[in-house]
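Engineer: Sequence first, predicted coordinates after that:
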There are 2 protein chains.
Amino acid sequence: MSNVDVIVVGAGLAGLAAARALVAAGRTVSVLEARDRVGGRTLGAELSNGVPVELGGQWVGPTQDAVIELIAELGLTSFPSYDDGAAITVVDGELIRYTDLSFGLRPESIAEVGRLWAELETLAATVRTAAPWHTDNAEELDRQTLDGWLVANTADEVACGFFRLLVPTLFSAESPELSLLHFLFYIKSGTSLATLVATTGGAQESRVSGGTHQICERMAADLGAAVRLNCVVRTIRQDEHGVVVDFEGGSVAAGRVIVAIPPTLAGRIRYVPALPALRDSLTQQMPAGSVIKFQIGYETPFWRDQGLSGFVLSMDDPFNVVFDNSPPDGSCGVLVGFLEGAHARTASTMSAAQRRERVLSALVKYFGRQAAQPFDLLEQDWNAEEFTRGCYGGRLAAGAWTSYGRELAAPVDRIHWAGAETSDIWNGYMDGAIRSGRRAAAEILADGAAPGPRSHVNGRRS
Amino acid sequence: MSNVDVIVVGAGLAGLAAARALVAAGRTVSVLEARDRVGGRTLGAELSNGVPVELGGQWVGPTQDAVIELIAELGLTSFPSYDDGAAITVVDGELIRYTDLSFGLRPESIAEVGRLWAELETLAATVRTAAPWHTDNAEELDRQTLDGWLVANTADEVACGFFRLLVPTLFSAESPELSLLHFLFYIKSGTSLATLVATTGGAQESRVSGGTHQICERMAADLGAAVRLNCVVRTIRQDEHGVVVDFEGGSVAAGRVIVAIPPTLAGRIRYVPALPALRDSLTQQMPAGSVIKFQIGYETPFWRDQGLSGFVLSMDDPFNVVFDNSPPDGSCGVLVGFLEGAHARTASTMSAAQRRERVLSALVKYFGRQAAQPFDLLEQDWNAEEFTRGCYGGRLAAGAWTSYGRELAAPVDRIHWAGAETSDIWNGYMDGAIRSGRRAAAEILADGAAPGPRSHVNGRRS
């Protein structure tokens, strides 16, 4: 059994950022990854013409300083997402092109959407993101679902429907499935709802040349043999001397462990001694969203010739959010789109051919018959992935923040928690994941030079 | 590695009832139980004077035919719960004695509670308990939380508060934490809300002499060596030949497996191949309630001398639901009560002494100073139990029944699901647990004589 200062469970952005920070501070680490790859919820792929696309997280934007700086530090570059021309909204059988901030809605609906939007931003501004349970009126905000709030606050069906469409694009979950407080916390953690939704000036502003999966790959390369693939962690034991992590095929000992996997997966590890009741209840209450991501390749970005940006929101179709995802040189056309929430669940039991038909028929509706003939179509169902079990991330339903929120990032003796869900800045995003890993590393480093007797005995591993 | 026809994971009521049915049909079974005892969410204990009490499920009532018949079949007897005299309701600092069906509420609140109650019973009557997702208007009923429905349907704060008090007594969860559809399904599965709440004529009508834990103990005794304790199941592998269950310390092979543990625990086992996305999502969305149960022993049932039944509901106190739980001969006095939902969570981080103080100060308020001096007090925090992780059972939050309900009892190839949460009759109760085990056994028996090649090779084990 090998020995290190700190074991990290999970080689996604959070785990690798934690390990990187610890190694930079002179600590030895062992990163245990269940998969045969690093990257977690980032995943690179190539269309059949060799153009790289992401099957997981792909965009970065302003105020995401942690990920932006890390991209530069690792020698990667970014480029702006394509955002010229008209967007499309589909509502009540009508396909509406627009170039303003109207989302293609009729004036009366725009006014109501604007009013609700402003009210949500105002409420969000009151949230204490570092401790949402201490927000003024937290109990009342947490008692309601976002859907309940919508129903209580508008009689405009189109405005309500618009938010019911927008919510899954952010959470891969439906508006009844999260509390108002969780929604408000989340949008404030990412600056504002406007920031989350926007391309230019927002969370979809930029892309990483070659793909975001390179962030993890380069961090892992720097860590070398400290990153161990195909290690499915099953049990974490701790006592006054240290911690032992058992995986299928071996064990590692350390002074501390950082569990940097989604909450629903963290709850499946066996802990000895068993975790406190509230911590266990938290992981029971933080299900992940449902999403199937599609990358569709065409010979050319033909929609641009029609003056279209490629951005679509449809209130009528399951495949209801689409972006232009072509390579920066426009050498071919790529559309990226999602089946989210209820639509992902319905589609998860279909055949791949049925899903392809569902996707392409929607694209033909949005962009014309040329959309029927992609040269390639890739799909990724994150809920079917044993070592993710849902994207974009874990959410908290009504009542959960005020009941269990305190447990989200609170260490349990020698166990520290990381992952995008534990960040109070850009919660659920790549940026938040990186911040969470660094925060967990900082917790350990702040505890001084005594992470536990085991590491003292065994010293540096290189 | 031993071989049997069917492996059962979990030696609670569901698992043992399944095993009993299979053995009765000539099949060989191996029941793997993680704990060093059988019984699951039933658990016997003794007060210091030797009087038996239950720290888990304890009551049975009319229409619970499965458990009532099994009690008789096993040679056990039952006796009526004590239900004479006045009950107490505490509201707004006032302690109200009542002997009618008023719950001690003021006439205007009674009328409003009655109206809401009737409306809930009417809605519940529309639920298709065998397939709640096919209920008329299922989407709309599932979109709302029970709390949202209450707020939308009454302006009477006392009536609303009364239901907010009642809900945790049934679910150990708060009204925002379950969907209206789940609430309606649950009360219909147990006949009616009136049946669930009542002592005489309802779910608290009778008790088992010596304790309900004997039901499992006697079933286990009949099964003999087929029940194996201290087997913590970690992985279930299946292929075209059969199923192999790995536990800490060994493995067993069979043609089929019945997983008869709460959904949140079923989701922690590793399955190879991995379970379908929707099934995994279901177990992410079915958190268990929070409850700490107390049994408090007194020299005499002194409250009876005051004309009190021992039944208390308090809208003012955390320890807010109490029953007389004295032995049938009244040879000593026992009160049973609960910290549920939010109150259980708050209390779970207190010291045992602090919880005792919280319980006894409430009992003094309800029954006078004699209540301050019990000869014994037992407590059981079910959320701290590694192999339960919450009682009374798993619940479904807004949106979950219509999204994932189909997965609750649907077999995944050779894996069948049992447990109180999977029953459409008396869901969440001991009766439902027994029915669910028999249903899972029947699924296997109905599949004919070919539960898989392994059992053909290995034959009977005795």
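Structural biologist: Perfect, thanks for sending it.
Engineer: Which residue ranges of the stretch 301-450 of chain A form helices?
Structural biologist: A:302-305, A:342-348, A:352-367, A:400-404, A:430-446 (DSSP state H, counting those that start in this stretch).
Engineer: right, and those - which one's nearest chain B?
Structural biologist: Evaluated over the helices of the stretch 301-450 of chain A, closeness to chain B peaks at helix A:342-348, with 4.6 Å, by C-beta to the nearest C-beta. Heads up, the C-betas are built off the backbone N, CA and C, glycines and all.
Engineer: Look up which residues are beta-bridged to residue A:337.
Structural biologist: residue A:294, residue A:322 (DSSP bridges).
Engineer: residues from the stretch 1-150 of chain A in reach of chain B?
Structural biologist: Residues of the stretch 1-150 of chain A found near chain B (C-beta under 8 Å from any C-beta of the partner chain) are A:142, A:143, A:144, A:145, A:147, A:148.
Engineer: at 7 Å instead, please
Structural biologist: Residues of the stretch 1-150 of chain A lying near chain B by C-beta under 7 Å from any C-beta of the partner chain: A:143, A:144, A:145, A:147, A:148.
Engineer: Return the residues in contact with the last one.
Structural biologist: Each residue near residue A:148 by C-beta atoms under 7 Å, 6 or more residues apart in numbering or on different chains is listed here: B:144, B:145, B:148.
Engineer: Pick out the least confidently modelled helix or strand of chain A, by mean pLDDT.
Structural biologist: Within chain A, no helix or strand scores below helix A:453-458, which has a mean of 33 by mean pLDDT, DSSP states H and E.
Engineer: And for residue A:140, the neighbour number?
Structural biologist: Residue A:140 has 12 neighbouring residues, counting by other C-beta atoms under 10 Å in any protein chain shown.
Engineer: Name the helix or strand for it, please.
Structural biologist: Taking DSSP states H and E as the definition, residue A:140 sits inside helix A:138-143.
Engineer: Using CSV, write down the CA coordinates of that helix.
Structural biologist: What follows is helix A:138-143, C-alpha atoms only, in CSV (Å, rounded to 0.1, in the frame of the first residue of the first chain):
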residue,chain,number,x,y,z
ALA,A,138,-34.1,31.9,3.2
GLU,A,139,-36.8,29.6,4.6
GLU,A,140,-39.4,31.2,2.5
LEU,A,141,-37.3,31.2,-0.7
ASP,A,142,-36.3,27.6,-0.1
ARG,A,143,-39.9,26.4,0.6
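Engineer: list the buried ones in that helix?
Structural biologist: A:138, A:141, A:142, A:143 (16 or more other C-beta atoms under 10 Å in any protein chain shown).
Engineer: And for stretch A:214-227?
Structural biologist: Neighbour-count burial for stretch A:214-227 [16+ other C-beta under 10 Å]: A:214, A:215, A:216, A:217, A:218, A:219, A:220, A:223, A:226, A:227.
Engineer: Residue A:295 is in contact with residue A:336, correct?
Structural biologist: Yes. Using C-beta atoms under 7 Å, residue A:336 is in contact with residue A:295, at 5.4 Å.
Engineer: which residues do the two both contact?
Structural biologist: Residues touching both residue A:336 and residue A:295 (C-beta under 7 Å, 6+ apart): residue A:325.
Engineer: Now that residue A:43 has come up, it's in contact with residue A:213, right?
Structural biologist: Yes. The pair residue A:43 / residue A:213 is scored as a contact, 5.8 Å apart, by C-beta under 7 Å.
Engineer: For residue A:57, give me its contacts.
Structural biologist: Listed by C-beta under 7 Å, 6+ apart, the contact partners of residue A:57 are A:41, A:42, A:212, A:430.
Engineer: wait, residue A:346
Structural biologist: residue A:318.
Engineer: Same question for residue A:10.
Structural biologist: A:33, A:40, A:260, A:261.
Engineer: Need the residues of the stretch 1-150 of chain A next to chain B in a markdown table (columns: pLDDT).
Structural biologist: Shown next, in a markdown table, are the residues of the stretch 1-150 of chain A next to chain B (pLDDT from 0 to 100):
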| residue | pLDDT |
| --- | --- |
| A:143 | 97 |
| A:144 | 97 |
| A:145 | 98 |
| A:147 | 98 |
| A:148 | 97 |
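Engineer: Residue A:54 bridge partners, please.
Structural biologist: With DSSP bridges as the rule, residue A:54 is bridged to residue A:44.
Engineer: Tell me if I'm right that residue A:300 and residue A:335 touch.
Structural biologist: No. Counting by C-beta under 7 Å, residue A:300 does not reach residue A:335; the two are 11.9 Å apart.
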